[in-house]
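Asker: the following block contains a protein sequence and its predicted model.
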Amino acid sequence: MRALLASLLLAVAGVFALAAPASAEEPVITHMDVFLADRITVGDRVTYVVTIESDPGIEFSLVQSSLPAYVEVVDVPDTTSQPIDGGRVRITMTFLLAPFAPGEIELPPMTLRYFGLEVAGGELLTPPTQFSVASVLPAEPAFPPPRDLKPQAVIGAPAAGWIVPALAATTGALALVVLLIYLRTRAWKRSRTAFVPAPVLVEDLPEDRARVVLDTAGAGFSLEGDYVEYYSSIGVTVRRYLTERYGFPAFALTTRELEAEMLNRGLDRWQVRVASGLLEQCDSVVYANYRPAAERADADLTAAYEIVEMSRPEPQPEEAAAR
């Protein structure tokens, strides 16, 4: 009798065990691939493919704030799913990213947030990556380098007996010089008119003024290493340049307002994105005590030069011919 009762209890327990749902497992990132061209510049596409294994019914989304200010998500991620062994699914998420800063880009771990009915929700971190963005500034300088001087002419040895004629020629030349000075002085006293040379007109463009300040900021940072002073100079110079070149008060706008104003005025999208990303970087250093690596600081200075040079007016035909 006892044996029969025990068998019944075991059977009932087995039925409940089969009816009870299995505990859900947390999703995991199993693989990540990065696809990019051999040489990429500002605004080019970089493809990130993240592979995740999880239980069915779990949704994933990218936390935009996990990306640095100079990297932008170009489009909505493409997501595919396929079943695998153990009742799990393999999810593939493809992201298109665009960097808007030159130099070495150190992309920190991207944060993927997930939630579902069977899990409490949480976050996954992708592995950090690094790639290089080439500058769009021309490799050659804007003006050709100065040419070398022509070699000096070779003068032969003087013939014998040259001393007396040379002294006579020198005396005559001195007398002629004295006579010319005397005549010149008399003419000046008579006319009393001072000669004023015509001023030499040098074109002073906003781009040239901005480059001078940026050159000074870069030299000061290499000597002092003062991040706040360095990034303050970059931010102020970029805003002042945009104000002078495009005629709107860029210095009085927040970074987001400035980005919207530049887009409304039809400025180049790359220049807008580079400027907004650089100014956000400046704000982080000046106001949030952020300290980027020295390589990143050099790249930010290059980005400031690119913002300035992207809108430099093309030289007129007569100016190009003169150069």
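Answerer: Now that the structure is in, tell me what you want to look at. Residues are numbered from 1 along each chain as shown.

Asker: residue ranges for the helices of the stretch 151-300 of the chain, please.
Answerer: Using DSSP state H, counting those that start in this stretch, the helices of the stretch 151-300 of the chain run over 163-191, 206-224, 227-246, 255-264, 269-288, 294-309.

Asker: do you know which of those lies nearest Glu123?
Answerer: Nearest of those to Glu123, taken as CB to CB: helix 269-288 at 22.5 Å. Every C-beta, even on glycine, is put in place using the N, C-alpha and C of the backbone.

Asker: buried ones in that closest one?
Answerer: 270-286 (16 or more other CB atoms under 10 Å).

Asker: export it as PDB, just CAs?
Answerer: The C-alpha trace of helix 269-288 is given here as PDB (Å, rounded to 0.1, in the frame of the first residue of the first chain):
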ATOM      1  CA  ARG A 269      26.200  68.100 -43.900                       C
ATOM      2  CA  TRP A 270      29.700  66.800 -43.100                       C
ATOM      3  CA  GLN A 271      30.800  70.300 -42.000                       C
ATOM      4  CA  VAL A 272      27.700  70.500 -39.700                       C
ATOM      5  CA  ARG A 273      28.300  67.100 -38.200                       C
ATOM      6  CA  VAL A 274      32.100  67.600 -37.700                       C
ATOM      7  CA  ALA A 275      31.400  71.000 -36.100                       C
ATOM      8  CA  SER A 276      28.700  69.700 -33.700                       C
ATOM      9  CA  GLY A 277      30.700  66.700 -32.700                       C
ATOM     10  CA  LEU A 278      33.800  68.800 -32.100                       C
ATOM     11  CA  LEU A 279      31.900  71.400 -30.000                       C
ATOM     12  CA  GLU A 280      30.300  68.700 -27.900                       C
ATOM     13  CA  GLN A 281      33.900  67.400 -27.300                       C
ATOM     14  CA  CYS A 282      35.000  70.900 -26.300                       C
ATOM     15  CA  ASP A 283      32.000  71.200 -23.900                       C
ATOM     16  CA  SER A 284      32.800  67.800 -22.300                       C
ATOM     17  CA  VAL A 285      36.400  68.900 -21.600                       C
ATOM     18  CA  VAL A 286      35.700  72.400 -20.400                       C
ATOM     19  CA  TYR A 287      32.600  71.700 -18.300                       C
ATOM     20  CA  ALA A 288      32.500  68.000 -17.500                       C
END
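
Asker: other residues contacting that helix?
Answerer: Applying CB atoms under 8 Å, 6 or more residues apart in numbering, the contact partners of helix 269-288 are 42-43, 69-70, 72, 98, 100-101, 227-228, 230-232, 234-235, 238-239, 242, 255-256, 258-259, 262-263, 290-292, 300, 303-304, 306-307, 310-311.

Asker: repeat that for 6 Å
Answerer: Applying CB atoms under 6 Å, 6 or more residues apart in numbering, the external contacts of helix 269-288 come out as 42-43, 69-70, 100-101, 227-228, 231-232, 234-235, 255, 259, 262-263, 290, 300, 303, 307, 310.

Asker: now do stretch 55-65
Answerer: Applying CB under 6 Å, 6+ apart, the contact partners of stretch 55-65 are 24, 27, 89, 111-117.

Asker: coming back round to it: among the contacts of helix 269-288, which ones are buried?
Answerer: 42-43, 69-70, 100-101, 227, 231, 234-235, 255, 259, 262, 300, 303, 307, 310.

Asker: measure stretch 260-274 end to end?
Answerer: Taking CA to CA, to the nearest Å, stretch 260-274 runs 13 Å from one end to the other.

Asker: what pLDDT does the nearest residue to Thr255 once chain neighbours are set aside get?
Answerer: Closest residue to Thr255 in three dimensions, ignoring its sequence neighbours and counting by CB to CB, 6 or more residues apart in numbering: Leu279, at 4.6 Å. Note on Leu279: pLDDT of 90.

Asker: what of Phe221?
Answerer: Value for Phe221, per-residue pLDDT: 91.

Asker: quick check: the gap between the nearest residue to it once chain neighbours are set aside and Asn289.
Answerer: Once flanking residues are discounted, Phe221 sits nearest to Tyr230: 4.0 Å by CB to CB, 6+ apart. Noted for Tyr230: a distance of 14 Å to Asn289, by CB to CB, to the nearest Å.

Asker: neighbour-wise, which of these two wins?
Answerer: Tyr230 (22 against 9; other CB atoms under 10 Å).

Asker: does the more buried one really touch Ala219, like I thought?
Answerer: No: with contact defined as CB atoms under 6 Å, Tyr230 and Ala219 do not form a contacting pair (10.3 Å).
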